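>>> What shape does this take:
(one chain, ligands or ions: 1)
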Amino acid sequence: MGFEVLAVTSEAYPLIKTGGLADAAGALPAALAQEDVSVRTMLPGYRAVMSALAKPRVVLDLPRHFGGAARVLAAREAGLDLLVLDAPHLFDRPGGPYVAPGGGEWGDNAIRFAAFASAAALAAQHVGVSAVHAHDWQAGLVPAYLRFAPKRIPCLFTIHNMAFQGKFPASVFPTLGLPPQAFAREGLEYYGAVGFLKAGLWFADAINTVSPSYAEEILTPEGGMGLDGLLRGRAGDLHGILNGLDVVDWNPETDRHLAARFSAADTAPRAMNKAAVQKAFGLAVDPDVPLFAFIGRLAWQKGADLLLEAARVLMDGGAQLALIGSGDAALEQACNAFAAAHPGRAGVFIGFDEGRARQVYGGADAMVVPSRFEPCGLVQLSALRYGAPPVVARTGGLADTIIDASPMALAAGCATGVQVAPGRADALAAGLRRALALFRDAPTWRAIRARGMATDVSWGPSAKRYAALLKGIAARHG
Ligand SMILES: Nc1ncnc2c1ncn2[C@@H]1O[C@H](COP(=O)(O)OP(=O)(O)O[C@H]2O[C@H](CO)[C@@H](O)[C@H](O)[C@H]2O)[C@@H](O)[C@H]1O
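Reported below is the predicted structural model:
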């Protein structure tokens, strides 16, 4: 038997996705298989997941699980070896994984994800894996349940975003089924409340986040968002491993979402994708106008407001702007207002649409990623791969993956985009102006794009690091 891991995640592409966690958790198993690590992925049985299971097998019966009957099912779908917590009282409902149809978090999220984590710990014991890999606050209690379980199974905890912490009132603690001593500073107590992310960071055998720079940033009060003290205490167990892309799925030569497929050797068909994007966003169809684009959650983190403030540079510079995103109502409104004020020059799509997003990667001349903080970021990786050089904020994984087109980098032939100081509209405006000038120098822009398309954005190198880390904790603690 090879080295077996149970990955515990609340999202995995293509079964259920609200953001980058799904992409990472969906792609890592195939990459780890190359390193002789076989991964089973445990997901909550949301409607979308349950309806995708063709022939599930019952692995574990949990007749009384957090207020109802539940089962752990096994199935193989979309290339993933799945374990699914079928718990209708918690997951068989309309709406999103975390948010009810009318907006607003589900009122019982603490119980839903405690039940999920507890079932994952039971399943890990039952099927007998060498290590568990838990992702984000939704799986934050997994290391806690494992620590108090009869059989010691080591656990790696991955932070995809410190901003989502799963903090709930102390009154939920008695319903979690953990021993009373777990509710302590040396446990899951978090400023008088219960912290799911805190629990993950406290009880895991090793911790990583999704870029080396973010691993340093979260040790500071600003980046650590209340958990930097704990993390500084565990700095020896904290690692930074960059995300990759599933380069089989994210391939402009085969992507069926594109109006025209293309390769690094022949980017000419991108012009058809650009025209398709211009049309879809109500922009003037013109091959010569530089087309900038933004894709992302409309949240403070992603800095869409900074882009709207800086975008005058694009409008004055004769460029176009396409935005896709959803989230914060005020930001949605601001994007719509910007588009209305610049007819034919700026266009917005409010919503989540994978196909439309991919068409934008394949047609835009440049992507803008103005995040205030960014643990890793996948948008800039997709932008490299699809030939739309990114303008990024110099923070977290954006700083680690994009090489700024400084004079030295241009001379050395290694530039892949433009970096700007994070969190400032004036710095972003200056960077956009610089990108526009580079774009108008056609041979230079072509070279930047070619360099980006030749960059290895696959999971390969990072999968090796994950495999070493998982095998390391198993050797130490197993
Ligand atoms: N409206 C829309 N329509 C279609 N597609 C959309 C979309 N909005 C976003 N997407 C897609 O969703 C993904 C977002 O990935 P990110 O890494 O940028 O963000 P996220 O902040 O969700 O993830 C967190 O986890 C990931 C994974 O570790 C980290 O990279 C990241 O820094 C961290 O914040 C991309 O594939 C993007 O194309």
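>>> Quick one: residues contacting A170.
Shown in contact with A170 (CB atoms under 8 Å, 6 or more residues apart in numbering): F183, E189, G192, A193, V194. (Glycine included, C-beta is placed from N, CA and C.)
>>> Now, these that are in strands?
Under the assignment DSSP state E, these contribute E189, A193, V194 to strands.
>>> In TSV: those, plus neighbour count.
Listed next are these as TSV, based on neighbours: other CB atoms under 10 Å:
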residue	neighbour count
E189	18
A193	16
V194	26
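>>> Out of those residues, the closest to L283 would be?
Taking CB to CB as the measure, L283 sits nearest to A193 out of the ones in strands among the contacts of A170, at 47.1 Å.
>>> State the distance from the closest one to L410.
Using CB to CB, to the nearest Å, we find A193 at a distance of 50 Å from L410.
>>> try V369
Distance from V369 to L410, by CB to CB: 20 Å.
>>> In JSON lines, list the ones in strands among the contacts of A170 along with distance to G303 and pLDDT.
As requested, the ones in strands among the contacts of A170 are arranged in JSON lines below (distance: CB to CB, whole Å; pLDDT from 0 to 100):
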{"residue": "E189", "distance to G303": "33", "pLDDT": "97"}
{"residue": "A193", "distance to G303": "29", "pLDDT": "98"}
{"residue": "V194", "distance to G303": "31", "pLDDT": "98"}
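>>> if we can go back for a sec, any chance of the contacts of A170 in CSV, plus distance to the ligand?
As requested, the contacts of A170 are arranged in CSV below (distance: CB to the nearest ligand atom, whole Å):
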residue, distance to the ligand
F183, 29
E189, 26
G192, 27
A193, 23
V194, 23
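>>> I'd like those laid out as TSV, including distance to G102.
Output for the contacts of A170, formatted as TSV (distance: CB to CB, whole Å):
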residue	distance to G102
F183	33
E189	32
G192	30
A193	25
V194	26
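>>> Look up the residues forming beta bridges with the nearest residue to D404 once chain neighbours are set aside.
Leaving out its chain neighbours, the residue that sits closest to D404 by CB to CB, 6 or more residues apart in numbering is Q419, at 4.0 Å. Each beta-bridge partner of Q419 is listed here, defined by DSSP bridges: V392.
>>> quick one, which of V369 and L410 is more surrounded?
Set V369 next to L410 and count neighbours by other CB atoms under 10 Å: V369 wins out with 26 against 17.
>>> if we can go back for a sec, got a list of what the residue nearest to D404 touches?
For Q419, the residues meeting the contact criterion (CB under 8 Å, 6+ apart) are V392, A393, R394, L398, A399, I402, D404, G431.
>>> cool, and Q380?
Contacts for Q380 (CB under 8 Å, 6+ apart) come out as M367, V369, P390, V392, G397, L398, T401, I402, G417.
>>> Please repeat the previous calculation with a cut-off of 6 Å.
Applying CB atoms under 6 Å, 6 or more residues apart in numbering, we find Q380 in contact with V369, P390, V392, L398, T401, I402.
>>> Quick check: which helices or strands does the helix or strand the fourth one falls within pack against?
Counting by DSSP states H and E, the secondary-structure element that holds L398 is helix 396-401. Contact here means 3 or more CB pairs under 6 Å, 6 or more residues apart in numbering; DSSP states H and E; on that basis helix 396-401 packs against helix 212-217.
>>> Give me every residue in the stretch 101-250 of the chain lying close to the ligand.
Applying the criterion CB under 6 Å from any ligand atom, the portion of the stretch 101-250 of the chain that neighbours the ligand consists of H160, N161, V210, N243.
>>> what's the helix or strand just after the helix holding L398 in contact with?
The C-terminal neighbour of helix 396-401 among helices and strands, as given by DSSP H and E, is helix 407-412. Applying CB under 6 Å, 6+ apart, the set of residues contacting helix 407-412 from outside is I403, A415.
>>> repeat that with 10 Å
Residues outside helix 407-412 that contact it (CB atoms under 10 Å, 6 or more residues apart in numbering) are 403-404, 406, 414-417, 438, 441, 444, 447-448, 451.
>>> as a whole number, average confidence for that helix?
When pLDDT is averaged over helix 407-412, the result is 97.
>>> Just give me the closest of the ones in strands among the contacts of A170 to S38.
Nearest member of the ones in strands among the contacts of A170 to S38, counting by CB to CB, is V194, at 33.4 Å.
>>> how far away is the residue nearest to D404 from E4?
Taken as CB to CB, the spacing of Q419 relative to E4 amounts to 40 Å.
>>> I'd like the next helix or strand past the particular helix or strand that has A275 in it.
Secondary structure from DSSP H and E places A275 in helix 270-280. Once helix 270-280 ends, the next helix or strand along the chain (criterion: DSSP H and E) is strand 291-295.
>>> What angle do helix 270-280 and that following strand make with each other?
Between the direction of strand 291-295 and that of helix 270-280, the angle (axes from the mean of the first three to the mean of the last three CA atoms, to 10 degrees) works out to 70 degrees.
>>> Tell me the strands beside strand 291-295, with direction?
strand 320-325 (parallel), strand 366-369 (parallel).
>>> Quick check: which of those strands is nearest to N336?
Between N336 and the strands paired with strand 291-295, the shortest separation by CB to CB is 9.5 Å, and it involves strand 320-325.
>>> what packs against the next helix or strand after that closest one?
On the C-terminal side of strand 320-325, the closest following helix or strand by DSSP H and E is helix 329-341. Based on contacts counted as 3 or more CB pairs under 10 Å, 6 or more residues apart in numbering; DSSP states H and E, the elements that helix 329-341 packs against are helix 304-310, strand 320-325, strand 346-350.
>>> Now with 6 Å, please.
Using 3+ CB pairs under 6 Å, 6+ apart, the elements in contact with helix 329-341 are helix 304-310, strand 346-350.
>>> will you turn the contacts of Q380 into CSV that also has pLDDT and distance to the ligand?
What follows is those, written out as CSV (pLDDT from 0 to 100; distance: CB to the nearest ligand atom, whole Å):
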residue, pLDDT, distance to the ligand
V369, 98, 8
P390, 98, 11
V392, 98, 11
L398, 98, 8
T401, 98, 10
I402, 98, 13
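>>> By neighbours, which of those residues wins?
When the contacts of Q380 are compared by neighbour count (other CB under 10 Å), V392 ends up highest, at 31 neighbours.
>>> Please consider this matter closed, and thank you.
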